[in-house]
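Undergrad: Quick one, structure for this:
(chains A and B)
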Amino acid sequence: MTAFNTMQELATYCKSWTYVLMGLSLVCTVGFWFFLHGRDESKDPFRNVKTRHK
Amino acid sequence: MSDHAATAKTGGGALFTPFNIIAGVIVLIGLGLTVMRFTGGLAAVTNLTDYNPWGIWIAFDLLCGVALAAGGYTTSAACYIFGLKRYHGAVRPAILTAFLGYSLVVFALHYDVGRPWRLPFPIFLQQGTTSILFEVGLCVFIYLTVLFVEFLPVALEWQGWPRLRNLLVKLTMALTILGVILSTMHQSSLGALFLIAPSKLHPLWYSAYLPLFFFVSSIFAGLSMVIFEGSLSHRWLHHKMDQGHLDASVQVVLGFAKAASLVMFGYLILKVFGLAMDNRWHYLLTGYGVWFLVEILGFVALPCYLYALGAREKNLTLIRRTSVLAVLGIVVNRFNICLVAFNWQLSAADRYFPSLGEIGVSVFVVTVGLIAFKFITTRMPVFHEHPDYPDHH
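TA: Purely as a prediction, here's the structure:
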């Protein structure tokens, strides 16, 4: 377990890891989105969104 | 007149069915427990103490009841606000489930509070505007009224009151928006209730983001409950459904599974952020950590994947089975926060375990809900269109 001497150190440590995880989660979300919509009838997963805004 | 309309007034069917007999026995036991509770006080039927004033009547009847009744606002928002009219067939069953769910929450609350006759006091006499519990109470009070008005057209179609019914149907959009606002507020506030007890709730479950966790989890709880309730209704009330409802149900199951899967994925990410922001990683290696991982991996990540797989493969059976797991997951989460991880530092002797009386009252409350659901769906146009109002719901 990492030792922290000040609240500043703890906050920096926690936020740094959270930012790293946020980046990873964005990549994972794109992968999950394509897995979820991979077998849809249209090859374009954003088809419904585009149609609605035309 | 259609078959549905012909049986609508009476509901039809035999009296001594297995469901009626079992439900009748449970209701009789429940009435006995009710007499004990209101003549002997809380101590006569519960294991509640000053250490543990909230038991399964709060964890199950209230927290799970409210979360699982979220199908009302999610379905009506999808249909009326986001314009996904292909889910129209799911709106009435979802509104009915939500209305009964909230009614039973209030009903069960009468057993749990010391002086139930004072329940209206915070609304009408003494507004505790600095209390989160006041906000929850006010939202539930108004939202129950909104759900009642949203469901009223069904009863009015059944009883043949077209003018009032047509007037209320015109309010649908306003009621839907109000319902979404109120649900957003009180679903999250139920999580916020636990913010006051950082030293009592285990660090793995305690987070400044508890309101967010409660709100996001209520969305997939509601979606899962609509799928779960739909599959039960298809099995037991199939004869009450018209062809339009049966055709639309496939779209509902696939669409809701996809939505639930996405929301669960987001919830999973939020939970990881919660751990990272509070630096709780080391607790994962303890006994509570294992149980936390069971909750997150077994009851969130697994159903998330199975929903996605089911929606991808168009496998309705898999989705319907997954909905059971997802609903169970919500129950596990609310139980963990309210009971298992609460007062975790107390010795085993001081920990709470529900009495048979408490479990009996909870079973009684669920049974009353099932009886009401069956009574309404076998009489009113919930799963079929009323012949006088085609294409109106």
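Undergrad: From B:Leu190, how far off is the residue nearest the centre of chain A?
TA: Averaging the C-alpha coordinates of chain A gives a centre point, and the residue nearest to it by Cα atoms, centre = their mean is A:Leu26 (2.2 Å). The span separating A:Leu26 from B:Leu190 equals 29 Å under the rule Cβ to Cβ, to the nearest Å. Heads up, the C-betas are built off the backbone N, CA and C, glycines and all.
Undergrad: Assign B:Asp388 to helix, strand or coil.
TA: Three states are possible here, and by DSSP: H, G, I helix; E, B strand; the rest coil the one that applies to B:Asp388 is coil.
Undergrad: Neighbours of B:Cys64, how many?
TA: Using other Cβ atoms under 10 Å in any protein chain shown, B:Cys64 has 24 other residues around it.
Undergrad: buried residues in the helix ranked longest in chain B?
TA: As assigned by DSSP state H, the longest helix anywhere in chain B is helix B:243-278. Of the residues in helix B:243-278, those buried under the neighbour-count criterion (16 or more other Cβ atoms under 10 Å in any protein chain shown) are B:245, B:248-249, B:252-278.
Undergrad: likewise stretch B:100-115?
TA: Counting neighbours by 16+ other Cβ under 10 Å, one finds that the buried residues in stretch B:100-115 are B:100-109, B:111-112.
Undergrad: average pLDDT across it?
TA: Rounded to a whole number, the mean pLDDT of stretch B:100-115 is 94.
Undergrad: cool, and stretch B:279-286?
TA: Here stretch B:279-286 scores 94 as its mean pLDDT.
Undergrad: list the helices and strands the longest helix of chain B packs on?
TA: Using 3 or more Cβ pairs under 8 Å, 6 or more residues apart in numbering or on different chains; DSSP states H and E as the contact criterion, the elements in contact with helix B:243-278 are helix A:7-37, helix B:210-236, helix B:302-313, helix B:316-335.
Undergrad: Go through those helices and pick out the most buried.
TA: Of the helices and strands packed on helix B:243-278, the one with the most neighbours on average (mean count of other Cβ atoms under 10 Å in any protein chain shown) is helix B:210-236, at a mean of 23.
Undergrad: and the gap between B:Ile22 and chain A?
TA: When Cβ to the nearest Cβ, to the nearest Å is the yardstick, B:Ile22 and chain A sit 40 Å from each other.
Undergrad: before we move on, back to that, got the angle for the longest helix of chain B vs helix B:210-236?
TA: If you take axes from the mean of the first three to the mean of the last three Cα atoms, to 10 degrees, helix B:243-278 sits at 150 degrees to helix B:210-236.
Undergrad: distance between helix B:243-278 and the chain's centre?
TA: 16 Å (Cα atoms, centre = their mean, to the nearest Å).
Undergrad: how about the helices and strands packed on helix B:243-278 in CSV, adding distance to B:Leu285 and mean pLDDT?
TA: Rendered in CSV, the data for those read as follows (distance: least, Cβ to Cβ, whole Å; pLDDT from 0 to 100):
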stretch, distance to B:Leu285, mean pLDDT
helix A:7-37, 17, 94
helix B:210-236, 22, 94
helix B:302-313, 22, 96
helix B:316-335, 21, 96
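Undergrad: Reformat these as CSV; add distance to B:Ala14.
TA: Below are the helices and strands packed on helix B:243-278 laid out as CSV (distance: least, Cβ to Cβ, whole Å):
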stretch, distance to B:Ala14
helix A:7-37, 45
helix B:210-236, 14
helix B:302-313, 36
helix B:316-335, 28
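Undergrad: residues from chain A in reach of chain B?
TA: By the criterion of Cβ under 8 Å from any Cβ of the partner chain, the positions of chain A lying close to chain B are A:1, A:10, A:13-15, A:17-18, A:21-22, A:25, A:28-29, A:32-33, A:35-36, A:38-39.
Undergrad: For B:Ser183, give me its contacts.
TA: Shown here is B:Ser183, whose contacts under the criterion Cβ atoms under 8 Å, 6 or more residues apart in numbering or on different chains are B:70, B:72-73, B:139, B:143, B:218.
Undergrad: what about it, distance to B:Val140?
TA: Plainly put, B:Ser183 is 10 Å away from B:Val140 if you go by Cβ to Cβ.
Undergrad: Same question for B:Tyr73, what's its three-state structure.
TA: With three-state DSSP as the basis, B:Tyr73 sits in helix.
Undergrad: nope, B:Leu190 is what I meant
TA: Under the three-state scheme (three-state DSSP), B:Leu190 adopts helix.
Undergrad: Just give the closest residue to it, not the sequence neighbours.
TA: Excluding the flanking residues, the one nearest B:Leu190 by Cβ to Cβ, 6 or more residues apart in numbering or on different chains is B:Phe214, at 5.3 Å.
Undergrad: likewise B:Gly274?
TA: Once chain neighbours are set aside, the closest to B:Gly274 by Cβ to Cβ, 6+ apart is B:Ser207, at 4.3 Å.
Undergrad: wait, is the one you found part of a helix?
TA: No. B:Ser207 is assigned coil when assessed by three-state DSSP, not a helix.
Undergrad: Give me the neighbour count for it.
TA: Using other Cβ under 10 Å, B:Ser207 has 23 other residues around it.
Undergrad: That one and A:His37, how far apart?
TA: Taking Cβ to Cβ as the measure, B:Ser207 falls 31 Å from A:His37.
Undergrad: In terms of pLDDT, where does residue 53 sit?
TA: Chain wasn't specified; assuming chain A. Model confidence at A:His53, given as pLDDT, is 53.
Undergrad: Correction: the question concerned chain B.
TA: Reading off the per-residue confidence, B:Pro53 sits at a pLDDT of 89.
Undergrad: quick check, it in a strand?
TA: No. Using three-state DSSP, the secondary structure at B:Pro53 is coil, not a strand.
Undergrad: Give me the neighbour count for it.
TA: Each residue near B:Pro53 was counted by other Cβ under 10 Å, and the total is 13.
Undergrad: Just say helix, strand or coil for B:Gly128.
TA: Classification of B:Gly128 using three-state DSSP returns coil.
Undergrad: Touching, it and B:Pro122? I think so.
TA: Yes. With contact defined as Cβ atoms under 8 Å, B:Gly128 and B:Pro122 form a contacting pair (5.9 Å).
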